[in-house]
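Peer 1: need the 3D shape of this:
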Amino acid sequence: MYNILVVDDSRMIVDVFVDMLERCGYNTIQTFSGLEALEYLEKAKELPDLILLDIMMEPMDGWETLERIRIQKRTRNIPIIMLTAKPLAPTEAQEYGIYIEDYLLKPTTHQQLKDAIISVLERESAIKNNVKNASEADIDPDLIDEYKHLNKSISVNKRLLNILETAYSTTINDNVDENISRAIKSMSMSIVYQEERLNEIKEKFKELMN
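Peer 2: Residues are numbered from 1 along each chain as shown. Have a look, this model is predicted:
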């Protein structure tokens with residue numbers, strides 16, 4: 001059974017997420033600030049399989065908490081889904097997208113939460129399995145690292161793009177903010193290039209593993 005750490009400075013919201021998670025069959029750990037989450041991760045004998053991390057917290061917000069989790073060798077690889085109640089800025093998406101697995105907009109439904117978690121955990125499992133097979137076939141470690149990075153990046157960026165397009169659709173249509181529109185178009189093109197490169201790597205894997 002998977003263990004999931006919930007981090008939010010609202011006890012009411014933590015209770016809501018814990019209830020939904022437990023109904024999905026997950027074990028939960030509750031923390032009510034970024035600092036409390038970091039302290040738990042430092043002392044825990046067994047690390048969680050996934051973290052749900054709220055962005056808008058005080059005094060340490062979710063972005064700072066995320067950065068501090070990622071700089072620690074022990075915790076840097078834990079999958080993290082960010083929780084947000086406000087539209088993301090394109091700059092936030094571009095700066096932090098590489099460090100996370102997904103975003104969830106609050107309020108979220110039981111099914112949306114379940115689908116997001118299953119998607120992340122299944123993706124992590126598939127990547128680990130493919131990396132294991134590639135390593136056993138003595139494929140270049142740099143190519144394997146690029147494969148891991150692209151798999152995660154494409155999935156996260158697609159989700160981010162969907163959130164940004166939904167949040168800023170009115171702005172873009174009215175041409176009120178060209179910077180936002182340009183950032184979203186840039187992200188869209190980046191996904192296309194990344195998918196092309198990932199397909200090239202997958203074909204290379206097939207050649208080397210046959």
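Peer 1: hey, let's count contacts and neighbours off CA atoms from now on
Peer 2: Fine.
Peer 1: which strands and helices sit next to the helix ranked longest in the chain?
Peer 2: In the chain, with assignment by DSSP state H, the single longest helix is helix 178-209. When contacts are defined as 3 or more C-alpha pairs under 8 Å, 6 or more residues apart in numbering; DSSP states H and E, helix 178-209 sits against helix 90-96, helix 141-167, helix 169-173.
Peer 1: how far does the first one sit from its chain's centre?
Peer 2: It stands for helix 90-96. When distances are taken as C-alpha atoms, centre = their mean, to the nearest Å, helix 90-96 is centred 12 Å away from the chain's centroid.
Peer 1: cool, stretch 182-189 as well?
Peer 2: Here stretch 182-189 shows a centroid-to-chain-centroid distance of 19 Å under the convention C-alpha atoms, centre = their mean.
Peer 1: next one: stretch 89-98
Peer 2: Chain-centre distance of stretch 89-98: 11 Å, with C-alpha atoms, centre = their mean.
Peer 1: mind listing what's buried in that stretch?
Peer 2: 90, 93, 97-98 (16 or more other C-alpha atoms under 10 Å).
Peer 1: L105: neighbour count?
Peer 2: L105 sits with 17 neighbouring residues when counted by other C-alpha atoms under 10 Å.
Peer 1: kindly state the beta-bridge partners for it.
Peer 2: Beta-bridge partners for L105, by DSSP bridges, are T84.
Peer 1: the longest helix of the chain versus helix 141-167: what angle between them?
Peer 2: Angle of helix 178-209 versus helix 141-167, following axes from the mean of the first three to the mean of the last three C-alpha atoms, to 10 degrees, is 150 degrees.
Peer 1: show me the contacts for K206.
Peer 2: Shown in contact with K206 (C-alpha atoms under 8 Å, 6 or more residues apart in numbering): no residues.
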